[in-house]
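Q: Here's my sequence, what's the structure:
(one chain, ligands or ions: 1)
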Amino acid sequence: MKNLNIGIIGFGTVGTGVFKVLQSFGNIHIEKIAVKNINKKRELENFNNDLLTDNAYELVNNPNIDVIIEVAGGINPAFDILKAAIENGKHIITANKELLAKKGNELFAFAREKKVIILYEAAVGGGIPIIMPIKTILCANKIKKIAAILNGTTNYILTKMTEKELSYDTALKQAQDLGYAETDPTGDVEGFDTAYKLAILSTISFNKKVDINKIYREGITKITAHDIKSAKELGYRIKLIAMGQLLDNGKIDVRVHPMLVAKKHLLAKVNNATNSVMLSGYPVGDLIFTGAGAGAEPTASSVIGDLLVLASELENTDNPIPQAVCNHTETAEQIDIGDTYNDYYISVTAGNSPGVIGIIGTICGKNNINISTIMQKGINNDNTAEIVVITETSKESDIQNALKEMLASESIKNINNLLRVMN
Ligand SMILES: NC(=O)c1ccc[n+]([C@@H]2O[C@H](COP(=O)([O-])OP(=O)(O)OC[C@H]3O[C@@H](n4cnc5c(N)ncnc54)[C@H](OP(=O)(O)O)[C@@H]3O)[C@@H](O)[C@H]2O)c1
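A: Residues are numbered from 1 along each chain as shown. Down below sits the predicted model:
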């Protein structure tokens with residue numbers, strides 16, 4: 001396999017994982033590592049600090065470096081640094097899903113022009129091989145559907161809320177104490193991280209450019225211990241699901257939101273920080289890929305996998321891994337959440353008056369919504385009651401209209417939550 005000189009930008013969780021695992025690959029020579037703070041103490045035995053620089057341009061302008069591994073994260077300055085690296089003919093390996101989701105079109109077009117490739121197995125699902133399989137061995141397929149758990153932090157929080165009956169705040173605190181969640185957890189708990197990964201995954205699955213700004217996104221911050229308990233009683237688990245569907249009319253339905261997942265469903269059994277991606281395609285049928293979605297070593301597995309595939313190709317050709325080149329010309333027509341169809345879980349607080357179930361039934365009926373289950377859960381001290389409804393498949397805009405009508409009715413005091421359901 002060809003000897004490669006590489007530069008690594010970023011030496012945090014993923015960067016140090018890559019560094020450690022690379023020690024056993026003699027053909028890969030780390031020329032330089034760029035960091036932000038060169039004075040930070042690095043917890044590595046026998047580490048030669050001379051490898052470090054705080055100027056990433058030293059790497060991208062170094063003619064000896066063949067490949068840049070970008071594991072710093074964020075848009076700035078990563079975007080400008082990678083553009084300069086591409087300009088200088090370097091191949092890129094990155095784990096930066098935010099950058100690819102927001103600036104991928106520009107970067108991939110530039111890479112094509114400069115005849116270098118960008119590999120990014122680690123950007124989606126950490127250690128789970130999913131990008132390269134879709135681009136290579138699954139390329140005979142028309143992928144119709146993706147349903148995935150793509151964020152370990154939120155899956156950990158929801159698992160603890162389910163298993164230990166913790167509140168959202170307590171489960172989040174536990175995740176932070178264990179290092180699964182950051183001090184500012186917004187990127188994870190509001191679904192941004194999942195949406196970046198879904199933008200990448202749906203673009204390569206459906207072969208159309210999916211716009212991150214048009215992906216409907218809801219996080220898990222509104223999920224209460226009460227919702228988890230109700231879901232459990234009804235035979236479901238609550239999961240943050242990344243969903244993508246190619247519709248019969250060629251349009252694309254892509255969204256990130258919590259869902260009630262039937263407990264027999266494989267995704268309901270994916271717990272803690274584990275990630276999982278289900279794909280349905282023709283002719284392959286249904287596939288599921290499950291594993292560690294983050295962490296130094298699993299993520300290093302993907303980064304180094306990309307690197308070694310590239311090294312073996314560069315030995316034979318100047319045009320490595322042509323299947324991995326992104327050349328999507330078509331832009332996806334993404335439908336609005338109001339036009340999607342789902343089964344729904346609706347929890348309302350209603351006055352304890354005769355006929356209230358009938359009122360809910362009438363409002364649903366008027367809005368083309370068939371109810372599959374309706375149950376009243378006791379009576380509260382203030383003479384109100386929680387009513388939970390599970391609907392049959394309905395149009396989201398009909399559901400939203402029904403909720404407005406319910407709120408306008410004297411009998412309904414509050415809509416506690418609306419969640420979509422996956423059976
Ligand atoms: N953590 C995971 O398990 C995981 C999994 C999949 C993908 N990713 C992605 O991988 C990337 C890195 O994540 P991480 O968790 O390893 O982050 P991290 O632990 O915060 O490390 C970031 C590293 O980037 C360096 N850095 C920041 N700005 C820089 C700059 N301008 N020039 C050079 N270096 C700079 C930092 O330097 P200092 O050390 O000096 O602060 C640090 O070493 C992100 O895009 C993330 O989304 C992470």
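Q: Nearest to the ligand within the stretch 151-300 of the chain, name that residue for me.
A: Ala294 (3.2 Å; C-beta to the nearest ligand atom). Heads up, the C-betas are built off the backbone N, CA and C, glycines and all.
Q: residues near the residue of the stretch 101-250 of the chain found nearest the ligand, how many?
A: In the stretch 101-250 of the chain, the residue found nearest to the ligand is Gly126; the distance is 4.6 Å by C-beta to the nearest ligand atom. Residues near Gly126, counting by other C-beta atoms under 10 Å, number 28.
Q: And it, what's its pLDDT?
A: What the model reports as pLDDT for Gly126 is 97.
Q: Kindly report the same for Ile8.
A: 98.
Q: Over to Met422?
A: 97.
Q: Look up how far Ile223 lies from it.
A: Separation of Met422 from Ile223 (C-beta to C-beta, to the nearest Å): 15 Å.
Q: The two - which one has more neighbours?
A: Per other C-beta under 10 Å, whichever of Met422 and Ile223 has more neighbours is Ile223, with 23 against 17.
Q: Quick one: list the elements packing against the helix or strand hosting Gln174.
A: Per DSSP states H and E: Gln174 is located in helix 168-177. Judged by 3 or more C-beta pairs under 8 Å, 6 or more residues apart in numbering; DSSP states H and E, helix 168-177 is in contact with helix 152-163.
Q: Buried residues in the helix it packs on, which are they?
A: Residues of helix 152-163 classed as buried: 152-162 (neighbour count, 16 or more other C-beta atoms under 10 Å).
Q: before we move on, what about stretch 52-69?
A: 52-53, 56, 59-60, 62, 65-69.
Q: end-to-end on it?
A: 14 Å (C-alpha to C-alpha, to the nearest Å).
Q: picking up where we left off before, my guess is the residue of the stretch 101-250 of the chain closest to the ligand contacts Pro298, does it?
A: Yes. In this structure, Gly126 is within contact of Pro298 by C-beta atoms under 8 Å, at 4.9 Å.
Q: Give me the pLDDT value at Glu43.
A: Reported pLDDT for Glu43: 87.
Q: just the one 10 residues further on next, same as before
A: Thr53 is assigned a predicted lDDT (pLDDT) of 98.
Q: Could you do Leu287 as well?
A: Taking Leu287 on its own, its pLDDT is 98.
Q: re earlier: just the buried residues of stretch 52-69: which are in strands?
A: 52-53, 67-69 (DSSP state E).
Q: What parts of this protein come near the ligand?
A: Counting by C-beta under 6 Å from any ligand atom, the positions of the chain adjacent to the ligand are 9-15, 34-37, 40, 56, 71-73, 77, 95-97, 122, 126, 294-295, 299.
Q: in the stretch 301-423 of the chain, which spans are strands?
A: 341-351, 371-377, 384-391, 394-395, 412-422 (DSSP state E, counting those that start in this stretch).
Q: Can you show me the CA trace of the third one as CSV?
A: What follows is the C-alpha trace of strand 384-391 in CSV, where atoms were taken according to Å, rounded to 0.1, in the frame of the first residue of the first chain:
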residue,chain,number,x,y,z
THR,A,384,-59.2,17.9,34.8
ALA,A,385,-58.2,14.7,33.1
GLU,A,386,-55.5,13.8,30.7
ILE,A,387,-56.8,12.2,27.5
VAL,A,388,-54.4,10.4,25.1
VAL,A,389,-55.3,9.8,21.5
ILE,A,390,-53.5,7.6,19.0
THR,A,391,-54.7,8.3,15.4
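Q: quick check: domain ranges of the chain?
A: Domain assignment of the chain by automatic domain parsing yields the ranges 4-127+296-324, 133-292, 339-422.
Q: Glu315: what's its closest spatial neighbour, skipping adjacent residues?
A: Once flanking residues are discounted, Glu315 sits nearest to Lys2: 4.0 Å by C-beta to C-beta, 6 or more residues apart in numbering.
Q: Could you verify my assumption that that neighbour touches Asn27?
A: Yes. Counting by C-beta under 8 Å, Lys2 touches Asn27, with 6.9 Å between them.
Q: list residues touching both of those two?
A: Contact criterion C-beta atoms under 8 Å, 6 or more residues apart in numbering; residues shared by Lys2 and Asn27: Ala311.
Q: anything in contact with each of Gly126 and Pro298?
A: 291-292.
Q: related to what we said a few turns ago, what is the most widely separated pair among the ones in strands among the buried residues of stretch 52-69?
A: Greatest spatial distance in those: Leu52 and Val67, 18.3 Å, computed using C-beta to C-beta.
Q: how much space between the residue in the chain that the ligand sits nearest to and Glu43?
A: The ligand sits closest to Gly12 of the chain, with a gap of 1.9 Å, by C-beta to the nearest ligand atom. Computed as C-beta to C-beta, the Gly12 to Glu43 distance reads 11 Å.
Q: which one of those two has more residues nearby?
A: Between Gly12 and Glu43, counted using other C-beta under 10 Å, Gly12 has the larger neighbour count: 14 against 7.
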